[in-house]
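Student: sequence first, predicted model second:
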Amino acid sequence: MIELYGADWCGDCIRSKRLLTTLGVDFAYLEVDKDDALRDRAIAINGGAQSIPVIVFPDGTHLTEPPDPQLREKLAGLGLIVG
C-alpha cells in the first residue's frame, strides 16, 4: 500500500491526496503533525529533510513534494493506473 506522510495544512499534501483519491488509488494517509513517530519516520525516509508530502510506494521508493505529472508517471510505472 502507498503511504502518504502529510499534514492537513499542507497545500502539496492536499493536492497529492486529491490526485490519489481521484485516480482511485488506495493509500494510507499518515498525519505527521499529530504523531511524532510518523514525523520522524518521514524525515528519515526523506534523508533528513523536513519536507512533505513524502509518498512511499510498494516498491520501496519514495517521492517528496511531487508535482502531479511526476506522481501520475510513478503510479503508471507501477501499474497502479493506466498511463
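Tutor: Cool, the structure landed.

Student: now what about the strand or helix carrying residue 76, what contacts it?
Tutor: Remark: residue 76 resides in helix 68-77, with elements defined by DSSP states H and E. With contacts defined as C-beta atoms under 8 Å, 6 or more residues apart in numbering, helix 68-77 is touched by 15-16, 19-20, 23, 25, 55, 57, 61, 63, 66, 81-83. C-beta coordinates here come from the backbone N, C-alpha and C atoms, glycine included.

Student: ok, so of those residues, who is nearest residue 37?
Tutor: residue 55 (18.1 Å; C-beta to C-beta).

Student: where does that closest one land in three-state SS?
Tutor: strand (DSSP: H, G, I helix; E, B strand; the rest coil).

Student: would you check how far apart it and residue 46 are?
Tutor: Distance of residue 55 to residue 46, given as C-beta to C-beta, to the nearest Å: 10 Å.

Student: mutual contacts of the two, please.
Tutor: 62, 64.

Student: looking at the two, which is more packed in?
Tutor: residue 55 (25 against 19; other C-beta atoms under 10 Å).

Student: test my guess that that one contacts residue 66.
Tutor: Yes. Using C-beta atoms under 8 Å, residue 55 makes contact with residue 66 at a distance of 6.7 Å.

Student: which residues are in contact with both of those two?
Tutor: Contacts common to residue 55 and residue 66, judged by C-beta under 8 Å, 6+ apart, are residue 16.

Student: quick one: low-confidence parts of the protein?
Tutor: For the chain, residues meeting the criterion pLDDT under 70 lie at 83.

Student: what ranges do the helices span in it?
Tutor: 11-22, 36-45, 68-77 (DSSP state H).

Student: now do the longest one against helix 68-77, angle only.
Tutor: With axes from the mean of the first three to the mean of the last three C-alpha atoms, to 10 degrees defining the directions, helix 11-22 sits at 40 degrees from helix 68-77.

Student: buried residues in helix 11-22?
Tutor: For helix 11-22, burial by neighbour count (16 or more other C-beta atoms under 10 Å) applies to 12-13, 15-17, 19-20.
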